[in-house]
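Chemist: Okay, here's the prediction I keep looking at, along with the sequence it came from:
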Amino acid sequence: QDVDDHDDLQAAKKKIISNLANPRDGLVSKHLNRRLSIPLTRCAVRLPISANFVSFVAFLTGLFSGLLFFLGSPLLGGLIAQLSSVIDGMDGEIARLKFQKSPFGGLFDSLLDRYADAAIIIGMSYFAYIKLPSLLPIVFGLLALVGSPMSMLFKERFHTAYGTAFVPEKMDGFTKYLVPNRDGRLFLIMLGGITSYVLPVLIYLGIFANLQVIYRLIASARKR
């Protein structure tokens, strides 16, 4: 885009902004998170911050959400979890705006996301256990803790094993309607926090995240 005058500049800005969304966005990111993150990114990009810094802020926000659940504040914990999801979309936007995309940035963001998810699930499990002291929140908390990072791990191992990208929309069968992406999981966690139905969300994530892994394994075995 040649920029010779104000109209050219505005046209260039529109082109850049229109390419900030990720084609792999889930429903929540596409219809909710991007509506919030893109305006925030347009302001944040003026600051001397990097995409990796924003990834770290999203990580700290996720840790804070887990702490709030742990301290018995599910409403705030759920809302902060959703805020973490919105901020997590900003790092990629800033990376594209500032031309900072790198293999390390993707790795850094992915690892921090897994730690943040673990902190949130642990906080939710503790809250659910205090409300219902039994094996139920412990078992499903552990299942959710194990199952949640498996989606990303499976995609990476599938690519290594078969030399092609795993496309959930084509390969997940009926499970694609049951198990949302990370943006969807955090949205469910927000709803669980707002309604205080934390244990049902843990049960849902614990069952269906692992069910999806089993389905993917069976589908991969047929691909041999």
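Modeler: Alright, I've got the coordinates.
Chemist: So, low pLDDT: which residues of this protein?
Modeler: Along the chain, the parts satisfying pLDDT under 70 run over 18, 21, 23, 223-224.
Chemist: Just the buried positions in the helix or strand hosting Arg35, please.
Modeler: Following DSSP states H and E, one finds Arg35 within helix 34-44. In terms of neighbour count (16 or more other CB atoms under 10 Å), helix 34-44 has its buried residues at Arg34, Leu36, Ser37, Ile38, Leu40, Thr41, Ala44. From N, CA and C alone the C-beta is placed, and that goes for glycine too.
Chemist: show me what contacts the third one?
Modeler: What that stands for is Ser37. Val86, Ile87, Gly89, Met90, Glu93 (CB atoms under 8 Å, 6 or more residues apart in numbering).
Chemist: ok, back up a step: so after the helix holding Arg35, what's the next helix or strand?
Modeler: Helix 34-44 is succeeded, C-terminally, by helix 51-70 (DSSP H and E).
Chemist: how far does the next helix or strand after that next one sit from the chain's center?
Modeler: For helix 51-70, the following helix or strand on the C-terminal side (DSSP H and E) is helix 74-97. When distances are taken as CA atoms, centre = their mean, to the nearest Å, helix 74-97 is centred 8 Å away from the chain's centroid.
Chemist: when you give positions from now on, start the count at 859
Modeler: I'll keep to 859 as the first residue from here, and by that count the last item is helix 932-955.
Chemist: What helices and strands are in contact with helix 932-955?
Modeler: helix 892-902, helix 909-928, helix 961-989, helix 1040-1053 (3 or more CB pairs under 8 Å, 6 or more residues apart in numbering; DSSP states H and E).
Chemist: can I assume Ala976 is in contact with Gly1005?
Modeler: No - here Ala976 lies out of contact with Gly1005, judged by CB atoms under 8 Å, at a distance of 11.6 Å.
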